[in-house]
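S.K.: no sequence for this one, just the structure:
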């Protein structure tokens, strides 16, 4: 594959250099990501994201962004934004998609288009407390990629598999994470 | 507690009625949530959310929304939006906050303000493949609430604990979810 002709917009050389650099500097690899949420009214909230820490120092996104969440009208709410559980799909979709682009670049595969459809099945009897045997979150999430690239079906499937293997959000959803919730 | 005087903007009566209605109609409680992601360039993607299914029929959010994700400049990316893993914090923050409001309404506690600070610790040696013993996602997530309400510290802590107990996103992060990723 003619790697030099491929451009998916991912700077793989920089990523590989980071990998080498971090081998000897585990402290620099510690990234606490942050978010700050403010209740508006009812189930409506706004979460602001801007700063994080990494490579041993404070970092900032170029812009501060505000992410609105609410419950829909069928839950007797005002639907000011998407539901919290849909944000999980946004995270998963974007993580796997970024991974596909990065892996394709590294493997010298030119991408033309990448689309993913996600569906997360939830039984709302859990959160409503109807049946304690029903879990609160997703039972099952399905991601279906449609990828147009200079590669065989098998190579494309291998791209997606590798993206999954290195995805932070896929890991968080499929494996348990320790979460502590406190009142200041 | 004078429940009738409390207004946190949550229609608890409607939620309790839904709970009763869904006891006899488990099919209506099946909610597949959906998202559709389109790769832009590099690690930049846009995820669109609008329709979902629930109460036995197709549903729509009032508005279609687009959620931009990217990697930051320290990852040699263009930082067009927050990272996928930060979207997980947005989901968790907004889910627990909506829960606090709903539980407070149900318990007759007037909220004045609810804020949550979140931090998710990630060691990026995982996603970069530096060390296979390092996981890709968060090691640990901490949520700290600051709540001003007509209630004792103990009652406020109980609100937060109950919200956690019924949170869809908290469940998804702390427990394993089955995720299938396919190429169409």
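M.R.: Thanks, I have it. Please read all numbers here as calculations on a predicted model, not as lab measurements.

S.K.: leaving out chain neighbours, which residue sits closest to the residue nearest the centre of chain A?
M.R.: With distances taken as CA atoms, centre = their mean, the residue of chain A nearest its centroid is residue A:91 (2.7 Å). The spatial neighbour of residue A:91 that comes closest, neighbours along the chain excluded (CB to CB, 6 or more residues apart in numbering or on different chains), is residue B:87 at 3.4 Å. C-betas here are computed from N, CA, C, even on glycine.

S.K.: ok, the residue lying closest to residue A:35 once chain neighbours are set aside - contacts?
M.R.: Once flanking residues are discounted, residue A:35 sits nearest to residue B:89: 3.9 Å by CB to CB, 6+ apart. Applying CB atoms under 8 Å, 6 or more residues apart in numbering or on different chains to residue B:89 gives the contacts A:33-35, A:47, A:49, B:118, B:120, B:141.

S.K.: mind doing that once more with 7 Å?
M.R.: By CB atoms under 7 Å, 6 or more residues apart in numbering or on different chains, the residues touching residue B:89 are A:33, A:35, B:118, B:120.

S.K.: and if you look at residue A:182?
M.R.: Contacts of residue A:182 by CB under 7 Å, 6+ apart are B:144-145.

S.K.: partner strands of the strand or helix carrying it, parallel or antiparallel?
M.R.: Using DSSP states H and E, residue A:182 maps to strand A:178-183. As defined by DSSP bridges, the strand partners of strand A:178-183 come to strand B:138-149 (parallel).

S.K.: averaged pLDDT, the partner strand. What do you get?
M.R.: Averaged across strand B:138-149, the pLDDT comes to 98.

S.K.: now do the next helix or strand after it: which elements does it pack against?
M.R.: Following strand B:138-149 in sequence order, the next helix or strand is helix B:153-165 (DSSP H and E). Helices and strands in packing contact with helix B:153-165 are listed as strand A:178-183, helix B:84-106, strand B:138-149; criterion 3 or more CB pairs under 7 Å, 6 or more residues apart in numbering or on different chains; DSSP states H and E.

S.K.: TSV please, covering those and showing distance to residue B:130.
M.R.: Shown next, in TSV, are those (distance: least, CB to CB, whole Å):
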stretch	distance to residue B:130
strand A:178-183	22
helix B:84-106	17
strand B:138-149	15
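
S.K.: closest one to residue B:125 among the ones you listed?
M.R.: Nearest to residue B:125 among these is strand B:138-149; the distance by CB to CB comes to 11.4 Å.

S.K.: what about that closest one, distance to the chain center?
M.R.: Remark: strand B:138-149 is offset 13 Å from the chain centroid, using CA atoms, centre = their mean, to the nearest Å.

S.K.: which positions in that strand come out as buried?
M.R.: B:138, B:141-143, B:145, B:147, B:149 (16 or more other CB atoms under 10 Å in any protein chain shown).

S.K.: who touches that strand?
M.R.: A:172, A:177-184, B:92, B:96, B:100, B:104, B:109-123, B:156, B:160, B:173.

S.K.: how does it look with 8 Å?
M.R.: Here strand B:138-149 makes contact (CB under 8 Å, 6+ apart) with A:168, A:172, A:177-184, B:85, B:88-89, B:92-93, B:96, B:100, B:104, B:109-123, B:155-156, B:159-160, B:173.

S.K.: which among those residues end up buried?
M.R.: Buried among the contacts of strand B:138-149 (16+ other CB under 10 Å): A:168, A:172, A:177, A:179, A:181, A:183, B:85, B:88-89, B:92-93, B:96, B:100, B:104, B:109-111, B:114-123, B:156, B:159-160, B:173.

S.K.: what distance do you get for residue A:74 to residue A:120?
M.R.: Residue A:74 sits 17 Å away from residue A:120, going by CB to CB, to the nearest Å.
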